[in-house]
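Colleague: Sequence isn't available, so here's the structure alone:
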């Protein structure tokens, strides 16, 4: 079945995480993504988590976001490589890059140069702060964005201070935003026939996902603080609690759920306790309520309580590790983790986070080895074997 972006050609200069994550989303949905790398390959191919995979130039973090792509190596400092890029751009639908503003322009393959060749071209530039503004040339790193955006100001505990999220949240949010921006531009082009620049700022992309926290301040004047594991609802029973073994994250946010929680814990007596009569009283007596809850939870493990409380109508979850959740019966039943037979055995990767009734995302092939498709791509441009060999001898490809 045809996928949404089949027939869409993407020339992808992105590297590390935010950009490749964006093009990966489109590749899963059928786009033909040609990943352009320098001759030695991008740094993500050799992250230090595993020497075995780094030596292959296929580090796990690289594989995670580069499946379904083709790899072309080019030394963009050489005129022959620039000429190849312009040939490819003439037939491409999208160009994606995440260099600092101006880098591609200096190489002669920025938005102005390529859109002059192909007016229908959509050019997506991802950077820390966007293509304009006083910070435009400042580098964009995930940790820096977590610190600047306000995420770290609300993440962590007062006694230990701010902390960053356990994954590169600003990178992936920026990548998702870029994929949405490119999709929007492609949709608009169907109506106007015109290409355009998609300018993605990592800082702005992150702020867009903090819309609730921004409105809390801009509308009501509320200044966010470090909230630990407290939910944004600020309900006392939407927080992390200790059980006999492990921890339980309660997501009890309304009166019906609160009553179900107390009944399941065997503490219905507290429903008549004036200290806990409503959410305002519970907030004022949070320490006492936490003691009641954890005294009850101490009788069973977090995993046992997870089943009991969910069945009773009190939303919660124990803490699942990555190696556990990917084998959760629900995740398995949904096919949320893609499996591929590769030269290195059967491997598993995360795919699209959504399903379409017709032609949704699908992982067809693992991330390419460096330059695996260089000859193939050049042949489509009319290069003969001798010409390709000459380019290789000159270290252009």
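Modeller: Arrived safely, thanks for sending. Values in this document were obtained by computation on a predicted structure and should not be read as measured data.

Colleague: Correct me if wrong: residue 367 contacts residue 70.
Modeller: No - assessed by Cβ atoms under 8 Å, residue 367 is found out of contact with residue 70, at 10.4 Å. Every residue, glycine included, has its C-beta placed from N, CA and C.

Colleague: who's more crowded, the two?
Modeller: residue 367 (27 against 18; other Cβ atoms under 10 Å).

Colleague: pLDDT score assigned to the more buried one?
Modeller: We have a pLDDT of 97 for residue 367.

Colleague: Same question for residue 232.
Modeller: So residue 232 comes in at 87 (pLDDT).

Colleague: residues contacting it?
Modeller: By Cβ atoms under 8 Å, 6 or more residues apart in numbering, residue 232 lies in contact with 212, 213.

Colleague: Over to residue 118?
Modeller: Contacts of residue 118 by Cβ under 8 Å, 6+ apart are 89, 90, 91, 92, 195.

Colleague: In terms of helices and strands, where is the second one?
Modeller: Residue 90 is part of helix 79-91 when elements are defined by DSSP states H and E.

Colleague: for that helix, which positions count as buried?
Modeller: 81, 82, 84, 85, 86, 87, 88, 89 (16 or more other Cβ atoms under 10 Å).

Colleague: which residues are contacting that helix?
Modeller: 9, 11, 34, 36, 74-76, 95, 107-109, 113-114, 117-118, 121, 377-378, 381, 391, 394, 396-397.

Colleague: Need the buried ones from those residues selected in ChimeraX.
Modeller: Buried subset of those, written as a ChimeraX selection, criterion 16+ other Cβ under 10 Å:
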select :9,11,34,36,74,75,76,95,107,109,113,114,118,121,377,378,391,396,397
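
Colleague: just the helices in the stretch 101-250 of the chain please.
Modeller: In the stretch 101-250 of the chain, the helices defined using DSSP state H, counting those that start in this stretch lie at 103-107, 111-117, 142-149, 151-154, 169-192, 202-209, 211-220.

Colleague: how far is the last one from where the chain is centred?
Modeller: When distances are taken as Cα atoms, centre = their mean, to the nearest Å, helix 211-220 is centred 24 Å away from the chain's centroid.

Colleague: Helix 202-209 and that helix, what's the angle between them?
Modeller: 70 degrees (axes from the mean of the first three to the mean of the last three Cα atoms, to 10 degrees).

Colleague: try the fifth one
Modeller: In terms of direction (the same axes, to 10 degrees), helix 169-192 departs from helix 202-209 by 90 degrees.

Colleague: residue boundaries of the strands in the stretch 201-350 of the chain?
Modeller: If DSSP state E, counting those that start in this stretch is used as the criterion, the strands of the stretch 201-350 of the chain fall at 240-242, 247-250, 316-318, 337-342, 345-350.

Colleague: Redo those strands as JSON lines? Include mean pLDDT.
Modeller: Converted to JSON lines, the strands of the stretch 201-350 of the chain look like this (pLDDT from 0 to 100):
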{"stretch": "strand 240-242", "mean pLDDT": "98"}
{"stretch": "strand 247-250", "mean pLDDT": "98"}
{"stretch": "strand 316-318", "mean pLDDT": "98"}
{"stretch": "strand 337-342", "mean pLDDT": "94"}
{"stretch": "strand 345-350", "mean pLDDT": "96"}
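
Colleague: Need the residue closest to the centroid of this protein.
Modeller: residue 172 (2.6 Å; Cα atoms, centre = their mean).

Colleague: Name the nearest residue to that residue, sequence neighbours excluded.
Modeller: Spatially, and ignoring its direct neighbours in sequence, residue 172 is nearest to residue 21 (5.4 Å; Cβ to Cβ, 6 or more residues apart in numbering).

Colleague: for the helix or strand harbouring that neighbour, what is the average pLDDT?
Modeller: Using DSSP H and E, residue 21 sits in helix 18-28. On average, the pLDDT along helix 18-28 is 98.

Colleague: cool, and stretch 127-135?
Modeller: Here the average pLDDT along stretch 127-135 is 96.

Colleague: Likewise for stretch 60-70?
Modeller: The model assigns stretch 60-70 a mean pLDDT of 97.

Colleague: Now residue 70, what are its backbone angles?
Modeller: phi -110, psi 140 (degrees, to the nearest 10).

Colleague: what does residue 373 give?
Modeller: Taking degrees, to the nearest 10 as the convention, residue 373 sits at phi -120, psi 10.

Colleague: about what we covered before: need the buried residues of helix 79-91 in TSV with distance to residue 16 and pLDDT, can you?
Modeller: Listed next are these as TSV, based on distance: Cβ to Cβ, whole Å; pLDDT from 0 to 100:
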residue	distance to residue 16	pLDDT
81	21	98
82	23	98
84	23	98
85	20	98
86	25	98
87	26	98
88	22	98
89	22	98
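
Colleague: circling back to that earlier point, what packs against the next helix-or-strand element following the helix holding residue 21?
Modeller: Once the chain leaves helix 18-28, the next helix or strand it forms, by DSSP H and E, is strand 32-37. Here strand 32-37 touches strand 9-12, helix 18-28, strand 69-73, going by 3 or more Cβ pairs under 8 Å, 6 or more residues apart in numbering; DSSP states H and E.
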